[in-house]
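**Q** only geometry, no sequence info:
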């Protein structure tokens, strides 16, 4: 049995305001690059008294709970999807007691995860109040870029779990598309208290009606799975709890052994979107990866935002670095503008890699599966600053708002996956292969970002395209 170092690694959260200022590289060179501000310093997260404890295979939930009680800790989650529990109140004596328990395999810090949070922009957004604020329905630039839904390609019959901060359950543009079943790791309601999850949900499945926007898969069924709190924060254990709920809802858990061993071709949730993560390594939490593997092995496609730290590669991000997920990087949807910057006389074109995106060539099953719009465009003003115009989607409280980030790129692909599954595809690797082979501008896009510090990752996988 081993205990892992209690050093919490949290994602360098790239805050992406709609008018984010980006300094021009010093000097009036013809090929000058645009600089981005330094990434915010890493923050400590989680708690030094919260752990995930893994047990020998076959250890019953009752026996796990008994081990926790004997050690003197409090049980937070007792999983079915993996042989593990999440505990709190684990001081030195508790750790020592668990180390002496022969049924315990490993004690892992419960690391913090966050939404790949982006600030909002008011430009071209619509006010709240439950409706669209007038003007009728808009097809966002990101949806147009990946493929406007049609009557035969709209995600009908496919359930998509939005594993996030929750969803605005009263939003007018989601009515008729929300499943009755939901999960929350916080309190008793899946209602969004942040706005991030609502925005993500709208990109996937905003209804095709007369208000607000239309999503990539407007006829899909959205399942609210709240694993992040109102600040956009959670931990490995809350994410695992959400995935555990998905497995149970899908009927993958054997009622006797409480293990992920049942195959159910009629599983209601076929796609999971996770626009969240942290920095980390492939093996730093086998229980979290095991939770993802359970769903993957049963044919559920887990689509994940690559990350908002351009200094990292996908292999350094969790869960984006798992080979079982479809990691999505961010690009622009349309061409930007240049208001007369004398040091840089070009525009940032459509399908350019977003300056904030984490990337990494798809090698050995790990890396970016595909890129998709995570911002509408990036503009350069006369003073040689860049402004990022976010993706238009749904706003907490009603109406629409804009956000940027790989958080917005991922749900575009989740919607595409739902539409592919609607055509009859079921195997996750077949879906990955189809997305990569049918992508637009393979070999030529994403285009290089002009931001200083950007480096080409060696692969131009193209831009995701819906069937």
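**A** It's in. Predicted, not measured: the structure shown is a model, and the values here were computed from it. Numbering: from 1, shown residues only.

**Q** below-threshold pLDDT in the chain: ranges please.
**A** Applying pLDDT under 70 to the chain flags the ranges 1-47, 117-134.

**Q** go with 50
**A** Applying pLDDT under 50 to the chain picks out residues 5-32, 35-44, 120-124, 128-133.

**Q** the domain parsing of it - what is it?
**A** Listed by automatic domain parsing, the domain ranges of the chain are 47-110, 113-437.

**Q** check the offset of the shortest one from the chain's centre.
**A** Looking back up the chat, that one is domain 47-110. Here domain 47-110 is found 28 Å from its chain centre; the criterion is C-alpha atoms, centre = their mean, to the nearest Å.

**Q** the longest one now?
**A** For domain 113-437, the distance between its averaged C-alpha position and the chain's averaged C-alpha position is 5 Å (C-alpha atoms, centre = their mean).

**Q** ends of that domain, what's the gap?
**A** Using C-alpha to C-alpha, to the nearest Å, one end of domain 113-437 lies 32 Å from the other.

**Q** mind checking the longest helix of the protein?
**A** Scanning the chain for the longest helix, with DSSP state H as the assignment, gives helix 406-422.

**Q** and that one, what does it pack onto?
**A** In this structure, helix 406-422 makes packing contacts with helix 141-146, strand 159-164, helix 196-205, strand 269-274, strand 301-305, strand 326-332, strand 368-375, helix 428-437, judged by 3 or more C-beta pairs under 8 Å, 6 or more residues apart in numbering; DSSP states H and E. Every C-beta, even on glycine, is put in place using the N, C-alpha and C of the backbone.

**Q** what's the closest of the ones you listed to residue 241?
**A** Across those, residue 241 has its closest neighbour in strand 159-164 (10.2 Å, C-beta to C-beta).

**Q** ok, back up a step: ranking the domains of the chain by burial, who's on top?
**A** domain 113-437 (a mean of 22; mean count of other C-beta atoms under 10 Å).

**Q** can you tell me the centre-most residue of the protein?
**A** The chain has residue 275 as the residue nearest its centroid, 1.5 Å off, counting by C-alpha atoms, centre = their mean.

**Q** which residue sits closest to it, ignoring its sequence neighbours?
**A** Excluding its sequence neighbours, the residue lying closest to residue 275 (C-beta to C-beta, 6 or more residues apart in numbering) is residue 407, at 3.6 Å.

**Q** any idea how far that neighbour is from residue 204?
**A** Note on residue 407: its distance to residue 204, by C-beta to C-beta, to the nearest Å, is 12 Å.

**Q** hmm, the residue nearest to the centre of the chain is touching residue 115, no?
**A** Yes. Taking contacts as C-beta atoms under 8 Å, residue 275 lies within contact range of residue 115: 6.2 Å.

**Q** shared neighbours of these two, anything?
**A** Listed as contacting both residue 275 and residue 115 by C-beta atoms under 8 Å, 6 or more residues apart in numbering are 164, 196, 407.

**Q** got those residues as CSV, with distance to residue 358 columns?
**A** Below are the shared contacts of residue 275 and residue 115 laid out as CSV (distance: C-beta to C-beta, whole Å):
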residue, distance to residue 358
164, 18
196, 18
407, 12
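
**Q** which one of the residues you listed sits closest to residue 190?
**A** residue 164 (10.0 Å).

**Q** thought that closest one was touching residue 197?
**A** Yes. Residue 164 is within contact range of residue 197, at 3.4 Å (criterion: C-beta under 8 Å).

**Q** any shared contact partners between the two?
**A** The contact sets of residue 164 and residue 197 overlap at 115, 226, 228 (C-beta under 8 Å, 6+ apart).

**Q** cross these against strands and list the overlap.
**A** Among those, DSSP state E puts 115, 226 in strands.

**Q** tell me the one of the shared contacts of residue 164 and residue 197 nearest residue 435?
**A** Nearest to residue 435 among the shared contacts of residue 164 and residue 197, with distances taken as C-beta to C-beta, is residue 115, at 23.6 Å.

**Q** dihedrals phi and psi, residue 343?
**A** Residue 343 adopts backbone torsions of phi -90, psi -10, taken as degrees, to the nearest 10.

**Q** that one and residue 380, how far apart?
**A** Taken as C-beta to C-beta, the span from residue 343 to residue 380 is 10 Å.

**Q** same thing with residue 250?
**A** Applying C-beta to C-beta, the value for residue 250 to residue 380 is 47 Å.

**Q** swap in residue 395?
**A** 27 Å.

**Q** could you do residue 170 as well?
**A** Taking C-beta to C-beta, one finds residue 170 at 39 Å from residue 380.

**Q** identify the bridge partners of the residue nearest to residue 428 when sequence neighbours are not counted.
**A** Excluding the flanking residues, the one nearest residue 428 by C-beta to C-beta, 6+ apart is residue 301, at 5.0 Å. Judged by DSSP bridges, the bridge partners of residue 301 are residue 271.

**Q** residue 301 contacts residue 415, correct?
**A** No. Using C-beta under 8 Å as the test, residue 301 is too far from residue 415 to be in contact (11.5 Å).

**Q** that older thread, for the domains of the chain, give me JSON lines that also has distance to residue 455.
**A** Converted to JSON lines, the domains of the chain look like this (distance: least, C-beta to C-beta, whole Å):
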{"stretch": "domain 47-110", "distance to residue 455": "31"}
{"stretch": "domain 113-437", "distance to residue 455": "9"}
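
**Q** can you pull out the helices in the chain?
**A** Using DSSP H, helices in the chain cover 61-71, 92-99, 141-146, 196-205, 236-249, 286-297, 406-422, 428-437.

**Q** could these go into CSV alongside distance to residue 348?
**A** Shown next, in CSV, are the helices of the chain (distance: least, C-beta to C-beta, whole Å):
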stretch, distance to residue 348
helix 61-71, 52
helix 92-99, 51
helix 141-146, 14
helix 196-205, 21
helix 236-249, 34
helix 286-297, 34
helix 406-422, 16
helix 428-437, 25
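
**Q** those: which one's closest to residue 179?
**A** Between residue 179 and those, the shortest separation by C-beta to C-beta is 9.0 Å, and it involves helix 236-249.

**Q** got the angle for the closest one vs helix 286-297?
**A** Orientation check (axes from the mean of the first three to the mean of the last three C-alpha atoms, to 10 degrees): helix 236-249 against helix 286-297 gives 30 degrees.

**Q** just the angle for helix 236-249 relative to strand 269-274, thanks.
**A** 170 degrees.

**Q** can you give me the angle helix 236-249 makes with strand 301-305?
**A** Using the same axes, to 10 degrees: helix 236-249 against strand 301-305 is 150 degrees.

**Q** now do helix 236-249 against strand 159-164, angle only.
**A** Using the same axes, to 10 degrees: helix 236-249 against strand 159-164 is 160 degrees.

**Q** nice, that's everything, thank you.
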